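Enquirer: A structural model of the following input is requested.
(one chain, ligands or ions: 1)
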Amino acid sequence: MGIGGLDKEFTAIFRRAFASRVFPPEVVEQLGCQHVKGILLYGPPGTGKTLMARQIGQMLNAREPKIVNGPQVLDKYVGESEANVRRLFADAEEEEKRAGPNSGLHIIIFDEIDAICKARGTAGGNTGVHDTVVNQLLSKMDGVERLNNILVIGMTNRRDMIDEALLRPGRLELQMEISLPNEDGRVQILQIHTAKMRSYKKLADDVNLKELAALTKNFSGAELEGLVRAAQSCAMNRLIKATNKVEVDPQALEKLCITRADFLHALETDIKPAFGSSDESLEHFLSRGILNWGTPVQECLEAGRIFIQQSKDTESSGLVSVLLEGKIAIMKMKVDKVPTDELSLSNFAAANKDDFVEDTKYVLYSNPSECRGKLAALIKSPVTNTMGETNGTLIIALPATWSISGAQVSVGSSQAVEYILE
Ligand SMILES: Nc1ncnc2c1ncn2[C@@H]1O[C@H](COP(=O)(O)OP(=O)(O)OP(=O)(O)O)[C@@H](O)[C@H]1O
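Expert: Reported below is the predicted structural model:
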C-alpha cells in the first residue's frame, strides 16, 4: 500500500468507517445503520496522515478526493469562507439529489483542519468567521442539509485545538492518532522507500534496514524518506567530478550503489528528527543544574509532579502527553506519545540551545489512561549571569521516565527525575 507501520490504525479505520460503505445500500437501510461521515487523523507532521487519507479514498472506490488546506478555505470577505465550504460539498449534493442512496462516495480531506475548526469563540479578532465556517461544515455532515454520500477526513497536528462539537458522533466521530513509527514500522517505511533501488540492485548488500531502523528513533515517515534521499545524494555525489566543469562519471549507471556508509553519513549530517533529543544534549542542558528562575519553572515542576503522579497511578496506563505552548519566539515543544518499547530520554524533544522560554503553559491533551509511556517536559530559560548577560544556557529537564510494567528506565532519565524531584 506504500504506507508503513500503520496496520493497526488501518484495521481500526476499516472496521469503523468502511464496513458499512461496502455493503449494498438496502442492507445498510435494513439495519438502520448510519455511515461514519467524518474521521480525524491527528499526530506529528510527516507521519503519513495524508497518505492514509488518500488510501482510504482509494479503498472505498470513491470519487477523486478533494484535498483542501484549512487556511485556504478562509477568506477575508464576509460570507466567502462559508461559501467556500459549500462549494466543496456542491458535487456531492448534486449527486445525492440525482442518484439518492446509489450515489458514489465523495471524500473531502481537510489538511490543517484546526485552522478552520478552532474551538468556537476562541479564534482571534472576534469576527465570528471561524464559528460560521464550523457551523457550515457541521450542517453538511450532521445538520438540516446533511449529506449521506460524504466522508470528511480532517487532519491536524493539534487535536486539542479542534472544536469539541466537531468530535461528536455523526461528525468527525472516528479519531485516530497517527504517531511516530516504532522500530518495526520504521523497517517497513525504509523498505517502501528503498524498494525501487533494491529492485534495480542499487542498494549495497551492507545496508541493513533493521540497523537503520534502530538508529532512527523518533524519525517520522517523512524524515525516513528524507534520509533515503540524502543517502542517494551522497552516492551520486561520489560519481561527480567537479573540476573546471561538473562531470559525471561515464560509468555512473553501473557504478551507482547506495551503501551503508552513505546512510550513516546522511544520518550524521543531513537528517535529524524534529522530535526527540539525544541523551548527550540533555546532559548538556543539565550540566549546570536546574535553575529555578521564577514562577514558570516552579509551575512546571509542580505540574510535572502531578503528571508524574497521574502516570504512575495504577489506574492509569501510564502516558501523559504534554504540549508546551506559548507566544512566538518562545520555545514550544511537543512531547509526544512514544512507543513503549523505546523508553529512553531520546524520546523527548530537546530544548534548542538558542531557544528561550518566557511564558509557557502546559496543556494536558491526552487522556493519561490511553496508553503506556511517560511524561516529559523540557524547559529552557534565559539565564542571566553576574554581568547581566543573558547567555541562554539551560534549564530544566523534567523527564519522568519510570518503570511501568517492566518497562526499562534509562539511567540518565532516572537521575534527571531524581534531580528534579529532589
Ligand atoms: N507511514 C509511512 N509510510 C511510508 N511513507 C511515509 C509514511 N509516513 C510518511 N511517509 C512519507 O512522508 C511523506 C509525507 O507524509 P504525509 O504528507 O502523509 O504526512 P502528514 O502526516 O500528512 O504530514 P503533515 O501533518 O505535515 O501534513 C509521504 O509522502 C511519504 O513519502
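Enquirer: pull out the buried positions in the helix ranked longest in the chain.
Expert: With secondary structure taken from DSSP state H, the chain has its longest helix at helix 80-99. Of the residues in helix 80-99, those with enough neighbours to count as buried (16 or more other Cβ atoms under 10 Å) are Ser81, Glu82, Asn84, Val85, Leu88, Phe89, Asp91, Ala92, Glu93, Glu95, Glu96. All C-beta spots, glycine's among them, are computed from the backbone N, C-alpha and C.
Enquirer: helices and strands around it, which ones?
Expert: On a contact count with 3 or more Cβ pairs under 8 Å, 6 or more residues apart in numbering; DSSP states H and E, helix 80-99 meets helix 70-73, strand 106-111, helix 129-142.
Enquirer: pull out the buried positions in the longest one.
Expert: What it means is helix 129-142. 129-134, 136-142.
Enquirer: quick one: average pLDDT of that helix?
Expert: Per-residue confidence for helix 129-142 averages out to 77 on the pLDDT scale.
Enquirer: for it, name the packing helices and strands.
Expert: In terms of contacts (3+ Cβ pairs under 8 Å, 6+ apart), helix 129-142 is packed against helix 80-99, strand 150-156.
Enquirer: ok, now the second one?
Expert: Contacts of strand 106-111 with other secondary structure elements, assessed using 3+ Cβ pairs under 8 Å, 6+ apart, are made with helix 49-59, strand 66-69, helix 70-73, helix 80-99, strand 150-156.
Enquirer: which of these has the lowest mean pLDDT?
Expert: Between these, the model is least confident about helix 70-73 (mean pLDDT), which shows a mean of 80.
Enquirer: could you list every residue that touches Ala12?
Expert: When the contact criterion is Cβ atoms under 8 Å, 6 or more residues apart in numbering, the partners of Ala12 are Met176.
Enquirer: again, only using 6 Å
Expert: Applying Cβ atoms under 6 Å, 6 or more residues apart in numbering, we find Ala12 in contact with no residue.
Enquirer: state which one residue of this structure is found closest to the ligand.
Expert: Per Cβ to the nearest ligand atom, the residue of the chain with the smallest distance to the ligand is Gly221, at 2.0 Å.
Enquirer: I figured that residue was touching Gln188, is that so?
Expert: No. With contact taken as Cβ atoms under 6 Å, Gly221 and Gln188 are classed as non-touching, separated by 9.5 Å.
Enquirer: so for those two, which residue has more residues nearby?
Expert: Relative neighbour count places Gly221 above the other of Gly221 and Gln188, with 27 against 19, counting by other Cβ atoms under 10 Å.
Enquirer: mind checking how far that one is from Val207?
Expert: For Gly221, the distance to Val207 (Cβ to Cβ, to the nearest Å) stands at 18 Å.
Enquirer: picking that back up, how about JSON lines for the helices and strands packed on helix 129-142, with distance to the ligand added?
Expert: What follows is those, written out as JSON lines (distance: least, Cβ to the nearest ligand atom, whole Å):
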{"stretch": "helix 80-99", "distance to the ligand": "18"}
{"stretch": "strand 150-156", "distance to the ligand": "6"}
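Enquirer: show me where the stretch 101-250 of the chain has strands.
Expert: Defined through DSSP state E, counting those that start in this stretch, the strands belonging to the stretch 101-250 of the chain, from first to last, are 106-111, 150-156, 174-177, 240-242, 246-248.
Enquirer: now do the same contact list for Val68.
Expert: Counting by Cβ under 6 Å, 6+ apart, Val68 makes contact with Phe110.
Enquirer: so who does Thr259 touch?
Expert: Ala204.
Enquirer: out of the helices and strands packed on helix 80-99, which comes closest to Glu64?
Expert: Using Cβ to Cβ as the measure, strand 106-111 is the one of the helices and strands packed on helix 80-99 that comes nearest Glu64, at 8.5 Å.
Enquirer: contacting residues around that closest one?
Expert: So strand 106-111 is in contact with 53, 57, 62-63, 65-70, 88, 92, 149-155, going by Cβ under 6 Å, 6+ apart.
Enquirer: CA atoms of it as PDB?
Expert: Listed in PDB are the C-alpha atoms of strand 106-111, where the atom choice follows Å, rounded to 0.1, in the frame of the first residue of the first chain:
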ATOM      1  CA  HIS A 106     -17.300  11.900  -2.100                       C
ATOM      2  CA  ILE A 107     -14.300  12.400   0.100                       C
ATOM      3  CA  ILE A 108     -13.200  15.800   1.300                       C
ATOM      4  CA  ILE A 109      -9.900  16.000   3.000                       C
ATOM      5  CA  PHE A 110      -9.100  19.000   5.200                       C
ATOM      6  CA  ASP A 111      -5.400  19.300   5.900                       C
END
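Enquirer: doesn't Arg159 make contact with Tyr42?
Expert: Yes. If you go by Cβ under 6 Å, Tyr42 and Arg159 touch, sitting 4.0 Å apart.
Enquirer: pick out whichever of these two has more residues nearby.
Expert: The residue with more neighbours, out of Tyr42 and Arg159, is Tyr42; 24 against 19, by other Cβ under 10 Å.
Enquirer: quick one, phi psi at the more buried one?
Expert: Main-chain torsions, Tyr42, degrees, to the nearest 10: phi -130, psi 160.
Enquirer: what's the answer for Leu41, then?
Expert: phi -100, psi 120.
Enquirer: how deep is it tucked in, by neighbour count?
Expert: Taking other Cβ under 10 Å as the criterion, the count of residues near Leu41 is 27.
Enquirer: do Gly170 as well
Expert: Should you count by other Cβ under 10 Å, Gly170 turns out to have 15 residues around it.
Enquirer: excluding chain neighbours, what is closest to it?
Expert: Spatially, and ignoring its direct neighbours in sequence, Gly170 is nearest to Asp142 (4.1 Å; Cβ to Cβ, 6 or more residues apart in numbering).
Enquirer: contacts for stretch 30-39?
Expert: Stretch 30-39 has contacts (Cβ under 6 Å, 6+ apart) with Arg16, Ala17, Ser20, Met141, Val152, Ile153, Arg171, Leu172, Leu174.
Enquirer: so which bits of the stretch 51-200 of the chain are right by the ligand?
Expert: Remark: the part of the stretch 51-200 of the chain in contact with the ligand comprises Leu51, Asp111, Met155, Asn157, Ile189, Ile192, using Cβ under 6 Å from any ligand atom.
Enquirer: need the pLDDT of Gly32.
Expert: Residue-level pLDDT assigned to Gly32 equals 81.
Enquirer: okay, now it: neighbour count?
Expert: The local packing count at Gly32 equals 6, with neighbours defined by other Cβ under 10 Å.
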